[in-house]
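S.K.: Sharing a sequence plus its predicted fold:
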Amino acid sequence: MTTLMMILGIVVFVIGLLFSIAWHELGHLSTAKMFGIRVPQYMVGFGPTLFSRKKGDTEYGIKAIPLGGYIRMIGMFPPGPDGKIEARSTSPWRGMIEDARSAAFEELRPGDESRLFYTRKPWKRVIVMFAGPFMNLILAVVIFLGVMMTFGISTQTTSVGKVSDCVIEASQNRNTCAKGDKPAPAKAAGLKAGDKIVAFQGKDVGDWSALQSKIRETVGPATLTVERDGKRLDLHANLIKNQVSKTDGDGGYVEGKYVYAGFLGFTPASGIVQQSFGQSVDRMGNMMENGVESIVALPSKIPDLWDAAFGDGDRKQDSPMGVVGAARVGGEVFTLDIPPENQIAMMLFLLAGFNLSLFLFNMLPLLPLDGGHIAGALWESLRRNVAKVFRRPDPGPFDVAKLMPVAYVVAGIFICFTILVLIADVVNPVRIS
């Protein structure tokens, strides 16, 4: 049964992946057609074509390898300086440029001269290239907000999960008390597992983050108001200064970082809590920030990935995952001993996170990513506007094809990184903790 649920989870994730890719390419397709650009192909996947159907100017199809997708637009690059589309050069770098230019006009038909991508104004080209990642962002936001506001998310609450027996510094990484350890203030005050803390020093606390902040700001006597067996009672604790894990500002902890602050000594219980619109937006903002930081930190994670793939290193929970790793996690979600609605919520969160990553990654200003084409269009607009201000001749379209050698290098780096992640996902995968 477990194997069957694992396979079902992987299938559900792959279907969600294919939809996300199709949704991304739909953004490019719809805006390209809106601006009169001819699009010969709209494909989900790579490799051999499994199914295709032509409607109007465009062939719509599904390919065998569900690792991406694309649309083909006529005239992605302008002709060369001599006005020619095809030329031959003994220089390998020049050959790359000419090959890219030739491919951009491969299916040119009579009458297409007014339907070429490069002939559109820069702001229209920016919209076409931005539309794909933006569709992923929309999907991520809709899923995140929908799940958080209707189902809720697993959140630390003000209820007590476990009371510590003694005071232990966080950096010691132990759970058992040693001789000479002082009793925890919470235990001495009579706090019990299952109690719900509703007020601290006479002021109501609505969430764990607020309560945690108040505890850490306090050293000395404090009054806790708790709900126990349907009744409210006040407990009096004497908080002490202790080494605790540094927080991220939202109730979570920063791994390996410690501070000295007020200490009570209990572990909060977790529960599924519905979020308000404002709370959901705040969490989305934090996810965006964390996503940007993760992309910036990708190069620094390569040594750990290498150790996890080819050495005896552990695969960290925040390690980069590829499609294979994400599909495996999707399969594990359906094997967890939790209610079906929790499984669905986790799967939706996984797909939303994938779409958010697609948006952020594609916005990098590097060819062959969408962000690279956006950067080229913006640079062209800047050049033309500067020329207009200084009454210089129009420099014409920016020839993005000249950057193709750089694009091949970038693509090569991405491919190598993808292979490394794939190997790590197979031999030492990230698992749900």
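M.R.: Thanks, I have it.

S.K.: List the contacts of V323.
M.R.: L17, P66, L67 (CB atoms under 8 Å, 6 or more residues apart in numbering). The C-beta positions use only the backbone N, C-alpha and C, and glycine is treated the same way.

S.K.: Nearest to S280 among the residues you listed?
M.R.: Set against S280, the nearest of the contacts of V323 by CB to CB is L17 (24.0 Å).

S.K.: For the closest one, what is the enclosing helix or strand?
M.R.: Using DSSP states H and E, the element containing L17 is helix 2-34.

S.K.: In that helix, which residues are buried?
M.R.: Neighbour-count burial for helix 2-34 flags 5-6, 9-10, 12-13, 16-17, 20-29, 31-33 (criterion: 16 or more other CB atoms under 10 Å).

S.K.: Identify each buried residue in the very next helix or strand once past that helix, please.
M.R.: The helix or strand immediately downstream of helix 2-34 is strand 41-55, counting by DSSP H and E. Using 16+ other CB under 10 Å as the test for burial, strand 41-55 gives Q41, Y42, M43, V44, G45.

S.K.: Which strands or helices does whatever helix or strand comes next after strand 41-55 pack on?
M.R.: From strand 41-55 onward toward the C-terminus, using DSSP H and E, the following helix or strand is strand 58-72. Where contact means 3 or more CB pairs under 8 Å, 6 or more residues apart in numbering; DSSP states H and E, strand 58-72 is packed against helix 2-34, strand 41-55.

S.K.: what angle sits between the longest one and strand 58-72?
M.R.: This means helix 2-34. Helix 2-34 and strand 58-72 are oriented at 90 degrees to each other (axes from the mean of the first three to the mean of the last three CA atoms, to 10 degrees).

S.K.: Return the list of helices and strands in contact with the helix or strand where V142 lies.
M.R.: Using DSSP H and E, the element containing V142 is helix 122-146. Applying 3+ CB pairs under 8 Å, 6+ apart, one finds that helix 122-146 contacts helix 2-34, helix 277-296, helix 340-362, helix 370-389.

S.K.: what separates the second one from the chain centre, distance-wise?
M.R.: Going back to what we said before, that points to helix 277-296. Distance of helix 277-296 from its chain centroid, counting by CA atoms, centre = their mean, to the nearest Å, is 9 Å.

S.K.: Just the C-alphas of the helix or strand just after it, formatted as PDB.
M.R.: Toward the C-terminus, helix 277-296 is succeeded by helix 302-310 as the next helix or strand (DSSP H and E). Output of helix 302-310 as PDB, limited to C-alpha atoms (Å, rounded to 0.1, in the frame of the first residue of the first chain):
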ATOM      1  CA  ILE A 302      27.800  23.100  -4.300                       C
ATOM      2  CA  PRO A 303      30.400  21.600  -1.900                       C
ATOM      3  CA  ASP A 304      27.700  20.100   0.400                       C
ATOM      4  CA  LEU A 305      25.900  18.700  -2.700                       C
ATOM      5  CA  TRP A 306      29.100  17.100  -3.900                       C
ATOM      6  CA  ASP A 307      29.700  15.500  -0.500                       C
ATOM      7  CA  ALA A 308      26.100  14.300  -0.400                       C
ATOM      8  CA  ALA A 309      26.300  12.900  -3.900                       C
ATOM      9  CA  PHE A 310      29.900  11.400  -4.000                       C
END
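
S.K.: where are the low-confidence patches of this protein?
M.R.: 1, 80-108, 249-252, 433 (pLDDT under 70).

S.K.: Just give me the residue right at the centre of it.
M.R.: S357 (3.2 Å; CA atoms, centre = their mean).

S.K.: which residues touch that one?
M.R.: S357 sits next to G291 when contact means CB under 8 Å, 6+ apart.
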